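**Q** how would this look folded up:
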Amino acid sequence: MTTIYEVAARAGVSLSTVSRVLNGKASVNAAMADKVKQAASELHYTPSQKARSLASKYSHAIGVVLPNKNMLFSSHLLFSFEHILRQYQKHCVVAFSHDTLESENEAIEFLLSQGCDGVFVATIASTTKHLQDKKHKVVALSKSELKSGVTGFSASIFEVAAHAFTQLNNLGHNDIALISDNSELISHTNEISPALKSALSRLSATGSASFRPELSVYVGSKDADDPLLDLLARDAAFSAVICTSDALVKLIVSSAKELGMKLPHDLSIIAAHAPDSPLKTSEITLSHSISTMAYSTLDIAKVAASYCLSTFYEQATDESTSKSALPTSTSPIFLDYGSTASFT
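**A** Coordinates of the predicted model:
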């Protein structure tokens, strides 16, 4: 096995220079760094993880706690997060929360006890208060605003719905309906949640744009009445609809066609996906392609990596770890598949 001494001899530099280059320090000039990297490559040198840990106060391992409610989302997020961390000579140790707060806390404690430098947790809770006692060792992905001084960022269904509303509003739609099976967005009495109102207020230029109560429909079960017919029966004009699940999208498209509507001329539709759904389109299950507003798991992973590196490692603020300019925030992405039209 090639040693650091052999790399130093091949490059014609000191051991300390090799160490600084291989550990990503910015204090070595570019020409010297290239010389060391070339020597390491020619000798097929692989740094010893144990040696790195002994030489510093870090294990270079980041714990990851993921929910197993949506394994597709978790696997997509983990793949991207792990790939990014490898670029910074860090690796992941994974545990699952089993979708209970008790299990989530146990997973965090276990990963920290195993020597992880910190833990990234995609929390299942609607708050981060339960992470307060670990706030210096945890970076959280929250479904709502972060509380109790916990480091991290949020990616919420409220932001997705608000961005979908803004997208339609920019196309000239003022009468926009919201159809959802998510009681966090709309109550059983069709009232818009305060969190959604807050998200809309942040995005609105005037601060007053919002869904009207008469254009909000909560669908509590599969046996519920047709939500599009429900809206039409209320005798309130609307030109666009936001649906928060593929099942609702399919129902609305089918109902609209049965009523003789021409999409999107008569009705614009956007599918708004929750943060724990990988970015996708509804065209797989529909004959009519539907434009989608959702978070990109890659973008979430980039922001998570940025927070973890800057929170858990002192050297993360130097030039070597900021070279790829990882983002510190993320917003939903709009995929336009032609199911929206300007309102004139």
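
**Q** can you show me the helices along this structure?
**A** 4-11, 15-22, 30-42, 49-55, 71-86, 101-113, 157-170, 194-203, 227-233, 246-258, 297-312, 319-322 (DSSP state H).

**Q** just those: most buried one?
**A** helix 157-170 (a mean of 24; mean count of other Cβ atoms under 10 Å). For glycine as for every other residue, the C-beta is placed from the backbone atoms N, C-alpha and C.

**Q** how about low-confidence regions in the stretch 201-344 of the chain?
**A** Within the stretch 201-344 of the chain, the segments meeting pLDDT under 70 span 205-209, 222, 278-288, 315-325.

**Q** mind running it again at 50?
**A** 281-284, 317-323 (pLDDT under 50).

**Q** got the residue ranges for the strands in it?
**A** 216-218, 240-243, 268-272, 291-294, 333-335 (DSSP state E, counting those that start in this stretch).

**Q** ok, how many other residues are close to residue 273?
**A** Look at residue 273: counted by other Cβ atoms under 10 Å, it has 23 neighbours.

**Q** do I have it right that it meets residue 293?
**A** Yes - counting by Cβ atoms under 8 Å, residue 293 is a contact partner of residue 273 at 7.1 Å.

**Q** which residues do the two both contact?
**A** residue 160 (Cβ atoms under 8 Å, 6 or more residues apart in numbering).

**Q** that older thread, so which of the helices of the chain is nearest residue 177?
**A** helix 227-233 (5.5 Å; Cβ to Cβ).

**Q** residues touching residue 10, list them.
**A** By Cβ under 8 Å, 6+ apart, the neighbours of residue 10 are 39, 42, 43.

**Q** of those, closest to residue 93?
**A** Here the nearest of those to residue 93, counting by Cβ to Cβ, is residue 43; it sits at 29.2 Å.

**Q** and for the closest one, the neighbour number?
**A** Residue 43: 15 neighbours (other Cβ under 10 Å).

**Q** cool, residue 98 as well?
**A** Residue 98 has 14 nearby residues by other Cβ under 10 Å.

**Q** what's the distance between it and residue 143?
**A** 17 Å (Cβ to Cβ, to the nearest Å).

**Q** mind listing what the residue lying closest to residue 306 once chain neighbours are set aside touches?
**A** Once flanking residues are discounted, residue 306 sits nearest to residue 326: 3.6 Å by Cβ to Cβ, 6 or more residues apart in numbering. Contact partners of residue 326, counting by Cβ under 8 Å, 6+ apart, are 84, 302, 303, 305, 306, 309.

**Q** quick one on the thing from earlier: distance to residue 121 added to the helices of the chain, as TSV?
**A** Shown next, in TSV, are these (distance: least, Cβ to Cβ, whole Å):
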stretch	distance to residue 121
helix 4-11	35
helix 15-22	30
helix 30-42	35
helix 49-55	23
helix 71-86	12
helix 101-113	6
helix 157-170	19
helix 194-203	21
helix 227-233	35
helix 246-258	27
helix 297-312	10
helix 319-322	22
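
**Q** what's the closest of those to residue 336?
**A** Of all the helices of the chain, helix 157-170 comes closest under Cβ to Cβ, at 8.9 Å.

**Q** what sits up against the closest one?
**A** So helix 157-170 is in contact with 143-144, 176, 178, 180, 182, 184-185, 193, 195-196, 198-200, 202-204, 209, 211, 240, 242, 244, 268, 270, 272-275, 293-295, 331-332, 334, 340, going by Cβ under 8 Å, 6+ apart.

**Q** if we go to 6 Å?
**A** The set of residues external to helix 157-170 that reach it, using Cβ atoms under 6 Å, 6 or more residues apart in numbering, is 176, 195-196, 199-200, 203, 240, 242, 270, 272, 274, 293, 332, 334.

**Q** name the nearest of the contacts of residue 326 relative to residue 19.
**A** Out of the contacts of residue 326, the member with the shortest distance to residue 19 (by Cβ to Cβ) is residue 309, at 20.1 Å.

**Q** if I look at residue 233, how far off is residue 227?
**A** Counting by Cβ to Cβ, the gap from residue 233 to residue 227 is 10 Å.
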